[in-house]
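>>> I would like the atomic coordinates for the input below:
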Amino acid sequence: MFVVRNGNPADVEAASALIRAAYAEYEPFYPQDRWSDYIANVGRLGERPDGYQLVLAVDAERLVGAVLFYPDASRAGQGDWPPGSAALLRLAVLPVARGHGVGRALVEECIRRARALGVNSLALHTTVWMAVARAMYERMGFVRVPEYDFRPRPGVVGMGYVFDLTAPFPRS
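Model prediction:
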């Protein structure tokens, strides 16, 4: 069983390594001439714009999942979001911990935090090759909003999704 908790500065290096390990499976889908820069950047949490909260899933003192929660989506550094939005970024679950609700619990924690702030929506970007994550987001009530797509590099589209925080929390 795992618990969701706040991360702290001492957790940044381990969370960075976890994110790189979780995202490594996407190498075949990413433009090969840009992969090494992408995977290095994904795991540079210490260099992210200020304003995020590190949220972790821990199982028996082992880190199994992480996500960055931005109370103000405009601070996430990925495209433009509607005013009054929070954002989540870099959701990652170790491959050995997948299928046990870790990703969902981390997203639910971001939804809880966003609701507590009174913002209107929670935004995120994902990619076409992150099919499992996209399906989970859609089951949870996130809606695809193409006008918020983010294009960090040629050939790569961060697909915009938004969760309406003014609606009741869906359970599925």
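>>> contacts and neighbour counts: CA atoms only from here.
OK.
>>> Now the top helix by length along the chain: buried residues?
Longest helix in the chain by number of residues (criterion: DSSP state H): helix 102-117. Across helix 102-117, burial judged by 16 or more other C-alpha atoms under 10 Å covers Val102, Gly103, Arg104, Ala105, Leu106, Val107, Glu109, Cys110, Ile111, Arg113, Ala114, Arg115.
>>> Quick check: the fifth one touching Ala66?
Yes: A contact is recorded between Leu106 and Ala66 when judged using C-alpha atoms under 8 Å, the distance being 7.2 Å.
>>> who touches both of these two?
Both Leu106 and Ala66 are contacted by Val55, Leu56, Ala57, Leu91, under the criterion C-alpha atoms under 8 Å, 6 or more residues apart in numbering.
>>> Pick out the most distant pair among the residues you listed.
Within those, two members stand farthest from each other by C-alpha to C-alpha: Ala57 and Leu91, at 10.8 Å.
>>> shared neighbours of these two, which are they?
Common neighbours of Ala57 and Leu91, counting by C-alpha under 8 Å, 6+ apart, are Gly65, Ala66, Leu106.
>>> what's the distance between the last one and Leu165?
Think Leu106. For Leu106, the distance to Leu165 (C-alpha to C-alpha, to the nearest Å) stands at 16 Å.
>>> Trp129: which element?
Counting by DSSP states H and E, no helix or strand carries Trp129.
>>> Can you show me the strands along the chain?
3-6, 53-59, 62-70, 85-93, 121-126, 143-144, 150-153, 156-164 (DSSP state E).
>>> What count of nearby residues applies to Val58?
Applying other C-alpha atoms under 10 Å, we find 17 residues neighbouring Val58.
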